[in-house]
Structures are given as structure tokens and as C-alpha cells.
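[1] sequence-free structure coming up:
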């Protein structure tokens, strides 16, 4: 499996002819492509979404929903997310597509549910966070936030935690799903910081093969770094996959 990090919490997973994007916040993401070069940004965006067959959105915040509506129109993927967010997003896709159906399909789910589509399986699990958008003067609640267990054919099992704090039921998530790769937020303020993220790995995922930090470095308010995570992980530090935005690794 090829894993690519686009900055913040946006990832691509590619295996067996499938390409799945998670939390595709590309436009407006300063970690994706630096400011001031619109041609480079457009080219990088086109490359990032090309061939997308599936999308997972963990929760309804702009830095995670990102370009999901546009991708639904351009590549017509299958999109997995919680029910409330999905209904809202379907409306956004229709509005952006001139009131017409986009050809994308939506797998509306909720916490604990597993859905398989086109050889890709997604399970939504708990995350301790929030989910909603501000639309004018109105706040729109968009269901519960989630993490996602993602299984592609012949590939390692990936657990993208979404935005979350540590919680003891991570032990159950590990027991039930046995992820090989954990994508974990470390930025602090809005999610766990490095110290708590390291505790989550040591206590609940001690056998995981790869730890991929996310939700760091995008904005000045996010203070956690992979170096801080490694320092807190001690003898497990060698399992951290420290990518630069746009970087990829084979897992």
C-alpha cells in the first residue's frame, strides 16, 4: 500500500487499483502547496485527486471536509461519512453541480457501522471532538465526529483517528480491528498533543507497525511536532513515519 500525506489530516491510500482519500483538505491548506503559485497549486490538486475511487470524511469541519464536494463531481467516488454530514454534503454537491446528481455514491453510516463498497471496507469508530459548520449566522450540527478503520484489498489495516483526544476505548478498537497503521493527531489545542498521543500508542497500540502523525504544522496554533512525539514514545519512536507534505511511503 502507498500512503501519501498532503498535510494536515489529508491522506491518500492506494492499493489494488483503489485510491482512497481521507479528509481531503487541499484547497486552502497551507501545508499542501505553499502560497503564491496558483499554477503549482492547480497542478498538485489535479494530481492529488486523480483516480480517486473512494473518500472518507471523519467529521464536519472545513479542514476535514475540504474539497470533498468538488472531488465528488470530478472523479465520482464512493464517499463514506456519518449520516448527518452525508445528507448535508449531498446538498452541497448538488448545489455545486448545478442541481444535478454528480454520479458519486454516498455510503451514509454512523459510529460502529461497517460498509464495504467496491472492495474497500470502512468502519466508523468513536472520536472525542465536535462536528459542525458555521453557515452565515447559523451553526449547522453535522453528526458525531469519528475515526475510521480502512481496509483496502491486500493492504495493511489503517486506523485514521480523525480529530480526537485519548480515550480508554481505544483499547477496544485495537482489540476488535487490530490496525497495522495508526494515523494520529498530535497538534494539541484542538486534539491530543504529542505527550498524550504517545501515551495512546504505548498503552493501546503497542504492537502497531507504523505511527503516522497528522494535524500538526498547518497553522500557528498547532504546537505539536513529530520530534516531540518521538521523544515521548521512547523505544517505540522508530515506528513513527515522519513525512513532509506531499511525501509518500510504502507500507
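    Everything's here; your move. What you are looking at is a predicted structure, and each value in this text was computed from that prediction instead of being measured.
[2] every contact and neighbour count from this point should use C-alpha atoms.
    Fine.
[3] low-confidence stretches in the chain?
    Low-confidence regions of the chain, defined here as pLDDT under 70, cover residues 34-37.
[4] okay, helices next: where are they in it?
    38-49, 62-65, 68-75, 83-96, 170-177, 194-204, 226-233 (DSSP state H).
[5] of those helices, which is nearest residue 163?
    helix 62-65 (9.2 Å; Cα to Cα).
[6] outside of the closest one, which residues touch it?
    Residues from elsewhere that reach helix 62-65, judged by Cα atoms under 8 Å, 6 or more residues apart in numbering: 9, 10, 23, 24, 25, 29, 57, 58, 59, 133.
[7] which of the residues you listed are buried?
    A residue is treated as buried here by neighbour count (16 or more other Cα atoms under 10 Å); on that basis the buried members of those are 9, 10, 23, 24, 25, 29, 57, 58, 59.
[8] distance to residue 114 for those - can I get that in a markdown table?
    Conversion of the buried ones among the contacts of helix 62-65 to a markdown table gives the following (distance: Cα to Cα, whole Å):
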| residue | distance to residue 114 |
| --- | --- |
| 9 | 22 |
| 10 | 21 |
| 23 | 18 |
| 24 | 21 |
| 25 | 24 |
| 29 | 30 |
| 57 | 14 |
| 58 | 14 |
| 59 | 16 |
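[9] which one among these gets closest to residue 196?
    Minimum distance to residue 196 across those is 17.7 Å, recorded for residue 9 (Cα to Cα).
[10] now that closest one: how far from residue 17?
    As defined by Cα to Cα, to the nearest Å, residue 9 lies at a distance of 23 Å from residue 17.
[11] and for residue 164?
    From residue 164 over to residue 17 (counting by Cα to Cα), the distance is 31 Å.
[12] those two: which is more packed in?
    When neighbours are counted by other Cα atoms under 10 Å, residue 164 and residue 17 differ, and residue 164 comes out ahead with 22 against 10.
[13] surely the more buried one touches residue 183?
    No - counting by Cα atoms under 8 Å, no contact exists between residue 164 and residue 183, whose distance comes to 11.3 Å.
[14] quick one on the thing from earlier: any idea which of the helices of the chain gets closest to residue 104?
    helix 68-75 (5.4 Å).
[15] show me what the closest one packs onto, helices and strands only.
    helix 83-96 (3 or more Cα pairs under 8 Å, 6 or more residues apart in numbering; DSSP states H and E).
[16] packing partners of the helix it packs on?
    Packed next to helix 83-96, using 3+ Cα pairs under 8 Å, 6+ apart, are helix 68-75, strand 105-109.
[17] return the most buried member of those.
    Each of the helices and strands packed on helix 83-96 was given a mean neighbour count from mean count of other Cα atoms under 10 Å, and the largest, a mean of 21, is that of helix 68-75.
[18] next, the angle helix 83-96 makes with that helix.
    Between helix 68-75 and helix 83-96, the angle formed by their directions is 60 degrees, by axes from the mean of the first three to the mean of the last three Cα atoms, to 10 degrees.
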